[in-house]
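[1] Quick one: sequence plus predicted model below, questions after.
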Amino acid sequence: MKSRTAIISIKDLKADAFPALKLALGAVAGVQSIDFNVERSVAVVEFEGEHTIVDDLMRAVLKAGYQVI
């Protein structure tokens, strides 16, 4: 299966948000790995392209209480 990578900009991303965001993003079917970059204020999500769409990832961030920019 082909993996894809999404880079999601999250407003005011701080390290204390990582657990909630990992939980929310990890619950999306097809997610393989999640990494964060505080300096760039982004989540980098690797996922199976056939099972996941980027909108699902963005909705998961919003549902966790964070703003996508």
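    Yes, it's here.
[2] how deep is residue 65 tucked in, by neighbour count?
    A count of neighbours around residue 65, defined by other C-beta atoms under 10 Å, yields 10. The way it works is simple: take the backbone N, C-alpha and C, and place the C-beta from them, glycine included.
[3] residues in contact with it?
    residue 20 (C-beta atoms under 8 Å, 6 or more residues apart in numbering).
[4] again, but for the one 3 residues further on
    For residue 68, the contacting residues are 8, 9, 10, 11, 58, 61, 62, by C-beta under 8 Å, 6+ apart.
[5] if you look at the residues you listed, which of them are in strands?
    Taking DSSP state E, the ones among those that sit in strands are 8, 9.
[6] Could you work out the end-to-end span of stretch 9-19 for me?
    In stretch 9-19, first residue to last residue: 17 Å (C-alpha to C-alpha, to the nearest Å).
[7] what's the distance between it and the middle of its chain?
    Distance of stretch 9-19 from its chain centroid, counting by C-alpha atoms, centre = their mean, to the nearest Å, is 10 Å.
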